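1. Build me a model:
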Amino acid sequence: MNWKDKETYLEIYPPHEFNFEECLLYLGRSKLEETHQIKEGFLYKLIKVDHSFILCRIGWGNCSLNVEFPISPPSIDLRQKVAAYIWEWFDFDQELKGFYQWAAQDQVLQTLVHKYYGLRIVCIPDLFEALVWAIMGQQINLTFAYTLKKRFTEKYGESLNFEGDTFWLFPTFEKIASLHIDDLRELQFTQRKAEYIIDIAKAMVNGDLNKVRLLQKKIFSKYASP
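-> Prediction:
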């Protein structure tokens, strides 16, 4: 991870193959999105680290992502965790140079990679959010998927108010594990989606499902479904 701690803000130096504006276009594809906001070319993201709410204001300048803290700078330990979160969020560990060299030889891809050069696969670092978002979007259009996400977040997520804006955190698996299926059905989740989401939350509470084990490929067979 390539970054510098400036005490009151962070400078994160991404790989050369990165275009912040293209990533903002992707992140801003729905006005219903609640877990981040884009205003005047800046990306606002509320992160919860070690029980602390940290509001980040992310901009681009001098070949780096500049991460400011509009409310107050967190401790050095928390700043390091924020930098790691953002590094993963934008998938900066992924090397794209080889892909671009290969795609330049393809008649279809060469046009696309030129047009969208620097757009990276923006990740979801939180495993529960990633799995729930995947379930939400199944067999429905994108607009309704974002509608479900908005309802889900505002009903069960935590929030922070700052200068007239409300910034939301995606609900935690601990919170969702205590729900009943009818609680999600009231938000217009289907029966099966409600079951899947609550079951995943319970599996994470029990320790049967977590990011470390998933990355180690130890539980694919147990949770894979046809």
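2. Tell me where the longest strand sits in this structure.
-> The strand spanning the most residues in the chain, taking DSSP state E as the definition, is strand 52-61.
3. what helices or strands is that one leaning on?
-> strand 42-49, strand 64-68, helix 76-89, strand 159-162 (3 or more CB pairs under 8 Å, 6 or more residues apart in numbering; DSSP states H and E). No exception for glycine: its C-beta is placed from N, CA and C like everyone else's.
4. So for Ile135, which of these sits nearest?
-> helix 76-89 (20.5 Å; CB to CB).
5. helices or strands next to that closest one in the packing?
-> Judged by 3+ CB pairs under 8 Å, 6+ apart, helix 76-89 is in contact with strand 3-5, strand 9-12, strand 42-49, strand 52-61, strand 64-68.
6. what's the burial count for Gln94?
-> Gln94 has 12 neighbouring residues, counting by other CB atoms under 10 Å.
7. next one: Leu184
-> 24.
8. just for this structure, where's the confidence low?
-> Under the criterion pLDDT under 70, the flagged ranges of the chain are 217-226.
9. try it again with 80
-> 215-226 (pLDDT under 80).
10. Please report how far Ile140 lies from Leu160.
-> If you measure Ile140 against Leu160 using CB to CB, to the nearest Å, the figure is 29 Å.
11. What are the buried residues along stretch 25-34?
-> Within stretch 25-34, the residues that count as buried by 16 or more other CB atoms under 10 Å are 27, 32-34.
12. Can you tell me which of those residues is nearest Asp5?
-> For these, the residue nearest Asp5 by CB to CB is Leu27; the value is 24.7 Å.
13. how far away is the closest one from Leu43?
-> When Leu27 is compared with Leu43 (using CB to CB), they lie 7 Å apart.
14. Can you report how many residues lie near the residue lying closest to Ile181 once chain neighbours are set aside?
-> Among residues not flanking Ile181 along the chain, Ala194 sits closest, at 4.5 Å (CB to CB, 6 or more residues apart in numbering). For Ala194, the neighbour count with other CB under 10 Å is 21.
15. hang on, Ala194 packs against Arg185?
-> Yes. Shown here, Ala194 and Arg185 form a contact pair, counting by CB atoms under 8 Å, at 5.7 Å.
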